[in-house]
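> mind looking at a prediction? Sequence and model below.
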Amino acid sequence: MTPLMRRCPRFLVTFAALFLLFALPAQAAKDPVYKAWLSDLAASGYDVVSYHTEGRPVEGSDAFTAEYDGAVWRFASAENRAAFTANPAQYAPQYGGYCAWAVSQGYTASTDPAAWKIVDGKLYLNYSRSVQQRWEQDIPGNIAAGNANWPKVLD
């Protein structure tokens, strides 16, 4: 056995201990906006204004971006970006873009831009269309539960 091989297990144990000590506490609190892994893009890069104005998800462009709530938001046009920056709370998805069903159940999950619904002028995203169907079985109850759970799931 070479000296490197003898030191390797010790190095791995040290590295794992340091990772647990420093990385995990920093990740304990969730970001208030869902962003894909290793990305700063909100709403998976989709234009959240388009859900309201076009009634469908439209991919945003690198040419039209804005920063809000610690995330980068993409838009399909300068007009949509201007609408968002004038009133981000009107267009940003509820629960920071995390899955509305998951938040109603007390946890967070990623979302699919194609699994969406606007209720009372607010955008809700879900993990998948099948999860969205489950969420839609009791929209008022799930929104009430999500609103109650939202501050707790960020801790």
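Thanks, I have the structure now.

> check which helix or strand the nearest residue to V58 once chain neighbours are set aside maps to.
Sequence neighbours aside, S50 is the residue nearest to V58 in space, at 3.8 Å (criterion: Cβ to Cβ, 6 or more residues apart in numbering). Quick note: C-beta positions are derived from backbone N, CA and C, even for glycine. Element membership for S50 (DSSP states H and E) is helix 48-53.

> what comes up buried for that helix?
48-52 (16 or more other Cβ atoms under 10 Å).

> what pairs with the next helix or strand after that helix, and is each one parallel or antiparallel?
Next along the chain after helix 48-53, taking DSSP H and E as the criterion, comes strand 58-59. Applying DSSP bridges, strand 58-59 is found paired with strand 46-47 (antiparallel).

> show me where this structure has its helices.
In the chain, the segments counted as helices under DSSP state H are 3-27, 48-53, 78-86, 88-91, 100-105, 129-136, 139-153.

> by mean pLDDT, show me the worst of those helices.
For these, the weakest mean pLDDT is recorded on helix 3-27, namely a mean of 46.

> middle-most residue in this protein, spatially?
For the chain, the residue sitting closest to the mean C-alpha position, by Cα atoms, centre = their mean, is Y34 at 1.6 Å.

> is it in contact with A92, as I believe?
No - Y34 sits out of contact with A92 when judged by Cβ atoms under 8 Å, with a separation of 10.8 Å.

> overlap in contacts, these two.
Residues touching both Y34 and A92 (Cβ atoms under 8 Å, 6 or more residues apart in numbering) are A42.

> contacts only, for A115.
For A115, the contact set (Cβ under 8 Å, 6+ apart) comprises 125-129, 131-132.

> switch to 10 Å and redo it
Contacts for A115 (Cβ atoms under 10 Å, 6 or more residues apart in numbering) come out as 57, 99-101, 124-133, 135.
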